[in-house]
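Enquirer: Sequence and predicted structure, then a few things I'm wondering about:
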Amino acid sequence: MRSVMVINLGLKSIRCIIFDSEGHKLSSAAVAINTAINDKRVEQDPEEWWEKAIIVIQKAFKESKLCRVDYITVTSSASCLVCVDKECNPLGRALMISDKRAKKEVEIIQIMPEFQTVYQQTKLDISVSLMLPKILWVKRNRAELFEKTAYFMTPNDYLLFKLCGHCVTDYLNAAKFHYNLKEKIYPIQLLEKLGISIHSLPKVVDIGSSVGRVRSSLAENLGVNTDLEVVVTSYDAICSFIGSGVSEEGEASDVSGTVTVFRTLSYKKDVKESSKVYSVPFYEENASIIGGSNNLGGGLIEWVKQCYYQKENYPYEIMEKEAGESDIGAKGLVFLPYLLGERAPLWDDNARGVFSV
């Protein structure tokens, strides 16, 4: 029976899970990831990702009791920018999806005729959570870093490269760079206007593509078989949707980690494209995945813990107990959870959280 190893880099931790071909979990391992947050700045260290990826791979493989694994893939948060040199060494911390420093760059791109053309083609508006504003921010504010950058990657791309040595991405991660999914091309004229080389963006391949085997020296270090095949999937929200088992219209998937992801499946040919939610092609003909992610879901629980329960030994148990003691409707208390602005469906980087009674 074949087996699959999945590396999942979330916003709070990195995990490795091994499944058999029937989808049964054989083993798993997880390690926390550190995040540097200061006002609008939200960053993580790509080198930490890789160091801890090695730890969880080794642990999960050992606990699985397997003598070999057939496939390995990576899924992570989308729209996080990793700048690397020609050898794909990270040149600094990654700008995470919730990093808000590129507001000015959004304004600059928004009024460009080249972007208006791209928008008409992709129906994807511009936002600080997407990749081109982040790259332009680096160019305008970290000129030396921009000049040294050979490739602008997502976490998926970076970890795939570390595994097999190939700089590739899937078409849905590429869409965060405003890649045209219908024409299968990056926005060349917009990139030229922004001064971003198309050669600095990863090659786009189909989801499910094999991009080679794990580097032999790495396989030896990890203790895995040298013929372990590296397969490209996509970012975590898409993978969790597919993994949820949604297969018919009327079914939906709600996945809450640090953020909440809500998506549904449509087989309609005349789905109206809206900038308020994403519509991306599913692997079945004429099918689309429709929905989006907010900025904070389960991450709100962490925020509450940090604000009100720091001194408690068992904060989550206390929170659950207190919530159970509250009346239905929380006595009229209303909370708008826009602590970091909001993505879908508001797309308002200036949205703010509010308590009201």
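Expert: Cool, got the structure. Numbers count the residues shown, from 1 in each chain.
Enquirer: Report all helices and strands that the lowest-mean-pLDDT helix or strand in the chain contacts.
Expert: Lowest by mean pLDDT, DSSP states H and E among the helices and strands of the chain is strand 278-281, with a mean of 78. Contacts defined by 3 or more CB pairs under 8 Å, 6 or more residues apart in numbering; DSSP states H and E place strand 278-281 against strand 288-293. For every residue, glycine as well, the C-beta is placed using N, CA and C.
Enquirer: Check which residues of the helix or strand following the strand it packs on are buried.
Expert: Remark: after strand 288-293, the chain's next helix or strand is helix 299-308, criterion DSSP states H and E. For helix 299-308, the neighbour count (16 or more other CB atoms under 10 Å) marks 299-301 as buried.
Enquirer: Which elements pack onto helix 299-308?
Expert: Looks like helix 299-308 contacts helix 315-325 (3+ CB pairs under 8 Å, 6+ apart).
Enquirer: on that earlier part again, for the least confident helix or strand of the chain, give me every contacting residue.
Expert: 123-124, 172, 175, 181, 238, 271, 273, 287-292, 344 (CB atoms under 8 Å, 6 or more residues apart in numbering).
Enquirer: From those residues, list the buried ones, please.
Expert: Applying 16+ other CB under 10 Å to those flags 124, 172, 175, 181, 238, 288-292, 344 as buried.
Enquirer: Looking at the residues you listed, which one is closest to residue 206?
Expert: Closest approach between the buried ones among the contacts of strand 278-281 and residue 206, by CB to CB: residue 172, at 10.5 Å.
Enquirer: shouldn't that closest one be in contact with residue 233?
Expert: No - using CB atoms under 8 Å, residue 172 is not in contact with residue 233, being 9.5 Å away.
Enquirer: Could you count how many residues lie near residue 62?
Expert: Other residues near residue 62 come to 12 when the count uses other CB atoms under 10 Å.
Enquirer: What of the one 4 residues further on?
Expert: Here the count is done by other CB under 10 Å, and residue 66 has 19 residues near it.
Enquirer: repeat for residue 251
Expert: 11.
Enquirer: Ok, residue 161 next?
Expert: Residues lying near residue 161 (other CB under 10 Å) number 23.
Enquirer: again with residue 167
Expert: Residue 167 sits with 19 neighbouring residues when counted by other CB under 10 Å.
Enquirer: I'd guessed it sits against residue 159; true?
Expert: No - Residue 167 is not in contact with residue 159 according to CB under 8 Å; the separation is 11.9 Å.
Enquirer: Farthest-apart pair in the buried ones among the contacts of strand 278-281, please.
Expert: 181 and 344 (17.6 Å).
Enquirer: I'd like the distance between the residue nearest to residue 124 when sequence neighbours are not counted and residue 186.
Expert: Distances taken as CB to CB, 6 or more residues apart in numbering place residue 178 nearest to residue 124, at 6.1 Å, with adjacent residues excluded. Noted for residue 178: a distance of 8 Å to residue 186, by CB to CB, to the nearest Å.
Enquirer: can you tell me which residues contact the residue nearest the centre of the chain?
Expert: Nearest residue to the geometric centre of the chain (CA atoms, centre = their mean): residue 77, 1.6 Å. By CB under 8 Å, 6+ apart, the contact list for residue 77 reads 9-11, 96-97, 155, 235-236.
Enquirer: go on, residue 73?
Expert: Contacts of residue 73 (CB under 8 Å, 6+ apart): 4-7, 230-233.
Enquirer: which is the next helix or strand following the longest helix seen in the chain?
Expert: Assignment by DSSP state H gives helix 46-64 as the longest helix of the chain. Using DSSP H and E, the next helix or strand after helix 46-64 towards the C-terminus is strand 71-76.
Enquirer: List the pairing partners of that next one within its sheet, with orientation.
Expert: Next to strand 71-76 in the sheet, as set by DSSP bridges, lie strand 3-9 (parallel), strand 229-231 (parallel).
Enquirer: Highest mean neighbour count across those strands, which stretch is it?
Expert: Highest mean neighbour count among the strands paired with strand 71-76 (mean count of other CB atoms under 10 Å): strand 3-9, with a mean of 22.
Enquirer: now that one and helix 46-64, what's the angle there?
Expert: Using axes from the mean of the first three to the mean of the last three CA atoms, to 10 degrees, the direction of strand 3-9 lies 150 degrees away from that of helix 46-64.
Enquirer: can you give me the mean pLDDT across strand 3-9?
Expert: Taken as a whole, strand 3-9 has a mean pLDDT of 97.
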